[in-house]
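> generate coordinates for the sequence data below:
(chains A and B)
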Number of protein chains: 2
Amino acid sequence: MADAHLLESRVGSEEILKGHFLHVFRDTVRLPDGKHATREYVIHPGAVMVVAQLDDGRVVLERQYRYPVQSVMLEFPAGKLDPGEASLACAQRELLEETGYTARQWARAGVLHPVISYSTEFIDIWFARGLTLGERKLDAGEFLDVFTATPTELLDWCGNGRVTDAKTLTGVLWLQNVLSGAWALDWQAATPQ
Amino acid sequence: MADAHLLESRVGSEEILKGHFLHVFRDTVRLPDGKHATREYVIHPGAVMVVAQLDDGRVVLERQYRYPVQSVMLEFPAGKLDPGEASLACAQRELLEETGYTARQWARAGVLHPVISYSTEFIDIWFARGLTLGERKLDAGEFLDVFTATPTELLDWCGNGRVTDAKTLTGVLWLQNVLSGAWALDWQAATPQ
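A predicted model of the protein is given here:
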């Protein structure tokens, strides 16, 4: 399908917030009908999420308080890319730091965009298997519980409203279709850290 | 599970951006260990998404250019709550405005949180059936295509990377489990507009 009747092109751009964490721009764009509009959005470095599968089929999850939604959320491990960091290296680092697990094998399932209306953020979706538990290394000021669940338990929590985090729900869509055999993964060895 | 070892409590709050669209606060919080940290986040009114099912099983989708990710995205219809607007009223309004469809029956499946690390946004997930096509009423400056797809086609696009919008991927998780009979919906009549 041709897209010209949908596209917006940049006319100008200004930084409107340089916070400690959030970096926000306001761009002026030319709409498909030639008129101008403004688009405000967060610049984000990108992130990874890890669906880590234990040998018995259980997956690794976290419980973490998320201040903007004022709730303890159930989530797959995830974290932001460091400057220049490769996606797989980030996935290996975040899984180890937050949960203590290292994995022998990794597969990149795909990517998700959590908030396409006001952030550039993408989250690469990684699967990990061949897990070994070591010691986690949480960042200062980071507080989270690590636990494991069966895919059936996790699916139940998605259906009954205990899991509402969109990246984790997307990970469960992947998990369900990988386990059924509908979607295939391309496994590779972990890279040296 | 007790949560006291995870909770953060507000110590102070300041508005750091009042844009045309984005409204950002920086709060100071007390961490579980008693130290202080800052949390920057977008205040959002909340939104709805609609999984609209035609009588032949096809679902209603949109193609829309999303400036922050510089791509035409495949999405379920969605939109923000107006001040004081009920969730179902918003779902009926957005479906009609963006696609031209009205639905006789509605079911609230659940809620998702797209970006728990830096926005208060929630998206209520509605299913709609008993569809009638009328005329859509796009807002000024809104450009999007409406089309329909079978659930199988849509699932394929999630698995092969054509669909990467997290709210839509979450809607597909719901659709897949509703269609299989694993998750039940509680249908109700549309409310008068």
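
> for the rest of this, base every contact and every neighbour count on C-alpha atoms.
Will do.

> and the gap between the most far-flung residue of chain A relative to its centre and chain B?
Centroid-distance maximum for chain A: A:Gly34 at 35.4 Å, with CA atoms, centre = their mean. Taking CA to the nearest CA, to the nearest Å as the measure, A:Gly34 and chain B are separated by 10 Å.

> do the same with A:Glu85
For A:Glu85, the distance to chain B - CA to the nearest CA - is 20 Å.

> now do the same contact list for the residue lying closest to A:Leu155 once chain neighbours are set aside.
Spatial nearest neighbour of A:Leu155, excluding adjacent residues (CA to CA, 6 or more residues apart in numbering or on different chains): A:Val172 at 7.1 Å. If a contact means CA atoms under 8 Å, 6 or more residues apart in numbering or on different chains, then A:Val172 has A:Leu154, A:Leu155, B:Leu173 as its contacts.

> wait, a helix at A:Val172?
Yes - the assignment for A:Val172 by DSSP: H, G, I helix; E, B strand; the rest coil puts it in a helix.

> how about stretch A:20-34: buried residues?
A:Leu22, A:Val24, A:Phe25, A:Arg26, A:Asp27, A:Thr28, A:Val29, A:Arg30, A:Leu31, A:Pro32 (16 or more other CA atoms under 10 Å in any protein chain shown).

> what about these, which are in strands?
A:Val24, A:Phe25, A:Arg26, A:Asp27, A:Thr28, A:Val29, A:Arg30 (DSSP state E).

> let me know how buried the nearest residue in space to the second one that is not next to it in sequence is, in neighbour terms.
Which is A:Phe25. With sequence-adjacent residues excluded and distances taken as CA to CA, 6+ apart, A:Phe25 is closest to A:Glu15, at 4.3 Å. By the criterion of other CA atoms under 10 Å in any protein chain shown, A:Glu15 has 13 neighbours.

> A:Glu15 contacts A:Arg26, doesn't it?
Yes - using CA atoms under 8 Å, A:Glu15 makes contact with A:Arg26 at a distance of 6.3 Å.

> where's the nearest residue to A:Pro68 once chain neighbours are set aside relative to A:Arg58, distance?
Nearest non-adjacent residue to A:Pro68, counting by CA to CA, 6+ apart: B:Thr120, 5.0 Å away. Distance, B:Thr120 to A:Arg58, by CA to CA, to the nearest Å: 30 Å.

> show me the contacts for the residue lying closest to A:Leu133 once chain neighbours are set aside.
Distances taken as CA to CA, 6+ apart place A:Tyr101 nearest to A:Leu133, at 4.5 Å, with adjacent residues excluded. Neighbour list for A:Tyr101: A:Leu95, A:Leu131, A:Thr132, A:Leu133, A:Gly134, A:Glu135, A:Arg136 [criterion: CA under 8 Å, 6+ apart].

> hey, where'd the strands end up in chain A?
Ranges of strands in chain A, per DSSP E, are A:9-18, A:23-30, A:36-42, A:47-53, A:59-66, A:71-75, A:78-80, A:101-112, A:123-133, A:144-149, A:188-189.

> as TSV, the ones you listed with mean pLDDT would be great.
Below are the strands of chain A laid out as TSV (pLDDT from 0 to 100):
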stretch	mean pLDDT
strand A:9-18	98
strand A:23-30	98
strand A:36-42	98
strand A:47-53	98
strand A:59-66	98
strand A:71-75	98
strand A:78-80	98
strand A:101-112	98
strand A:123-133	98
strand A:144-149	97
strand A:188-189	96
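
> buried deepest among those strands, which one?
Among those, strand A:47-53 has the highest mean neighbour count (mean count of other CA atoms under 10 Å in any protein chain shown), at a mean of 25.

> so which elements touch it?
Helices and strands touching strand A:47-53, by 3 or more CA pairs under 8 Å, 6 or more residues apart in numbering or on different chains; DSSP states H and E, are strand A:59-66, strand A:78-80, helix A:87-99, strand A:123-133, helix A:166-179.

> so can I have CSV of the ones you listed showing distance to A:Ser9?
Putting those into CSV (distance: least, CA to CA, whole Å) gives the following:
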stretch, distance to A:Ser9
strand A:59-66, 35
strand A:78-80, 28
helix A:87-99, 29
strand A:123-133, 25
helix A:166-179, 29
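
> how about the ones you listed, which one is nearest B:Gln188?
Taking CA to CA, helix A:166-179 is the member of those nearest to B:Gln188, at 25.2 Å.

> could you give me the buried positions within that closest one?
Buried, per 16+ other CA under 10 Å, within helix A:166-179: A:Ala166, A:Lys167, A:Thr168, A:Leu169, A:Thr170, A:Gly171, A:Val172, A:Leu173, A:Trp174, A:Leu175, A:Gln176, A:Asn177.

> what do you get for stretch A:84-95?
Counting neighbours by 16+ other CA under 10 Å, one finds that the buried residues in stretch A:84-95 are A:Ser87, A:Leu88, A:Ala89, A:Cys90, A:Ala91, A:Gln92, A:Arg93, A:Glu94, A:Leu95.

> chain center to stretch A:35-46, what's the gap?
What separates the centre of stretch A:35-46 from the centre of its chain is 20 Å, taken as CA atoms, centre = their mean, to the nearest Å.

> list of residues touching that stretch?
Residues contacting stretch A:35-46 (CA under 8 Å, 6+ apart): A:22-31, A:80-83, A:117-123, B:19-22, B:67-68, B:141.
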